[in-house]
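Visitor: Curious how this folds, go ahead:
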Amino acid sequence: MDADSAMDRLEEIRVIINANLESLIAEQRAIYGEVAEVSGKILLAGGKRLRPIISYLVYQLAGGEDLDEILPLAMAFELIHTATLVHDDINDKSNMRRGNPTMHSIVGQSKAIIGGDWLFVQGFGLGGIYDEDVVNVMAECCAKIASAEFMQIDHVLNLATSPEDYLEIVRGKTAGPFAAAAKGAAMVANTAKKDCDNFFEFGMQLGIAFQLVDDLLDIVGDERIGKTRGSDVYEGKMTLPLIHALTILHGEQRDELAEIIKDFDDSKFDRLIQLLKIGGSLNYSEILVNNHLDRALELLQDFKESEARDLLKQIVKMVKERSS
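Guide: Model prediction:
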């Protein structure tokens, strides 16, 4: 399958998922009123839908045949993901997401907290129709998201944050949902445990790379991430390029970088990037992106050639292209 055909097919799947999400919100709006209305607008405001698309494709690659069987799980992960974004935006005091106002900037913090909870409950309700083992995968994923969020808050402006700390946060917050969406879909398809574990690791590797790319784009600037350049630095988040540079640089250069991070503003952007280049930190992050994506591709090679496998490979390629 060529790249153009693959992108067209991925868009078709995204349209299917969006249509099902729209139908869900329309049904829930009639029952729950304003909370469903406001939460639904945030859910339907856009997004790549990577987690549900991965569930959809892994289910097929794992031997699943009834696509209606996997759609509730696919939507569940998107609802849960959106819930975490709503709460993240509150913590980060972000007023825009994907080019649209965040929920708390529309209805206030109190209602936004409830709206995020509503999205989470709706997602878990959809996932709850599956066997206990699948629900346990979702539950563990959600627990690790919360644990990683706690840890990330503790590491705001913590210049002693290590690469291991960073990776633990990413595995729980970003990569974990990719991994759980893939494993859960394989379990619904009733594939072998070894294959379920391989799909989990595929999602984990892809998710780590995805976050690393976001870290890079936050620094170099790219409208595709849907937020202001340097948002992570302003919020005091210790992303890998910063952590690496703080480890590599010494003396005056490290002291200068530390001061820039602790008291950041737009006027310091150029010097920040200079110091990251001196430390080789942007290049280091790019190398890690490629390593994780290569590992994800290797894991797919264990499965039979098919459209679903080709499309999952295309998703890996999309993440790679975002970094270039």
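
Visitor: give me the low-pLDDT residue ranges for the stretch 201-324 of the chain?
Guide: Across the stretch 201-324 of the chain, the ranges flagged by pLDDT under 70 are 222-228, 324.

Visitor: Once you drop chain neighbours, what's closest to the spatially most central residue of the chain?
Guide: Nearest residue to the geometric centre of the chain (CA atoms, centre = their mean): residue 174, 4.3 Å. In space, residue 174 comes closest to residue 211 once its chain neighbours are excluded; the distance is 4.2 Å by CB to CB, 6 or more residues apart in numbering. Just so you know, the C-beta spots here come from the backbone N, C-alpha and C atoms, and that holds for glycine as well.

Visitor: quick one, phi/psi of residue 93?
Guide: Residue 93 adopts backbone torsions of phi 60, psi 40, taken as degrees, to the nearest 10.

Visitor: Kindly provide the distance from it to residue 105.
Guide: 9 Å (CB to CB, to the nearest Å).

Visitor: how many neighbours does residue 236 have?
Guide: Neighbour count of residue 236, defined by other CB atoms under 10 Å: 15.

Visitor: thinking it is in contact with residue 153, fair?
Guide: No. Contact criterion CB atoms under 8 Å: residue 236 and residue 153 do not qualify, at 9.8 Å.

Visitor: Name the residue in residue 93 and residue 105 with the higher neighbour count.
Guide: Shown here are residue 93 and residue 105; by other CB under 10 Å, residue 105 has more neighbours (17 against 12).

Visitor: in which helix or strand would I find the more buried one?
Guide: Assessed by DSSP states H and E, residue 105 sits inside helix 103-107.

Visitor: Could you do residue 302 as well?
Guide: Applying DSSP H and E, one finds residue 302 in no helix or strand.

Visitor: Pop out the phi and psi values for it.
Guide: Torsion angles, degrees, to the nearest 10, at residue 302: phi -70, psi -10.

Visitor: That one: what's it in contact with?
Guide: Each residue near residue 302 by CB atoms under 8 Å, 6 or more residues apart in numbering is listed here: 195, 198.

Visitor: do you know how far it is from residue 191?
Guide: Residue 302 is 12 Å from residue 191, by CB to CB.

Visitor: try residue 236
Guide: For residue 236, the distance to residue 191 - CB to CB - is 42 Å.

Visitor: So which residues of the stretch 101-250 of the chain form helices?
Guide: Applying DSSP state H, counting those that start in this stretch to the stretch 101-250 of the chain gives helices spanning 103-107, 109-127, 132-154, 163-170, 176-188, 193-220, 231-234, 240-248.

Visitor: got a list of contacts for the second one?
Guide: If I follow you right, that is helix 109-127. Applying CB under 8 Å, 6+ apart, the contact partners of helix 109-127 are 24, 28, 32, 35-36, 38-39, 42-43, 72-73, 75-80, 82-84, 86-87, 89-90, 102-104, 106-107, 134-135, 138, 142, 184.

Visitor: Now do the contacts for residue 248.
Guide: By CB under 8 Å, 6+ apart, the contact list for residue 248 reads 279, 280, 281.

Visitor: Narrow those residues to just the buried residues.
Guide: The neighbour count (16 or more other CB atoms under 10 Å) marks 279, 281 as buried among the contacts of residue 248.

Visitor: need the contacts of residue 248 in a markdown table with distance to residue 252 and secondary structure, can you?
Guide: Shown next, in a markdown table, are the contacts of residue 248 (distance: CB to CB, whole Å; DSSP: H, G, I helix; E, B strand; the rest coil):
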| residue | distance to residue 252 | secondary structure |
| --- | --- | --- |
| 279 | 13 | coil |
| 280 | 18 | coil |
| 281 | 17 | helix |
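
Visitor: Now render the contacts of residue 248 as CSV, adding distance to residue 207.
Guide: Output for the contacts of residue 248, formatted as CSV (distance: CB to CB, whole Å):
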residue, distance to residue 207
279, 25
280, 24
281, 21
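
Visitor: so which of the contacts of residue 248 comes closest to residue 205?
Guide: Closest approach to residue 205 among the contacts of residue 248 (CB to CB): residue 281, at 21.2 Å.

Visitor: What's the separation between that closest one and residue 265?
Guide: Residue 281 sits at a distance of 20 Å from residue 265 (criterion: CB to CB).

Visitor: and if you look at residue 172?
Guide: 30 Å.

Visitor: quick one, which of those two is more surrounded?
Guide: Set side by side, residue 172 and residue 265 show more neighbours around residue 172, with 21 against 10, by other CB under 10 Å.

Visitor: Tell me who's in contact with the more buried one.
Guide: Residues in contact with residue 172, defined by CB under 8 Å, 6+ apart, are 144, 145, 147, 148, 149, 151.

Visitor: Identify the residue nearest the last one in space, chain neighbours excluded?
Guide: Nearest in space to residue 151, with sequence neighbours left out and distances taken as CB to CB, 6+ apart, is residue 169 at 5.4 Å.

Visitor: Can you report how many residues lie near that neighbour?
Guide: 25.

Visitor: need the contact list for it.
Guide: Residue 169 makes contact with 148, 151, 152, 155 under the criterion CB under 8 Å, 6+ apart.
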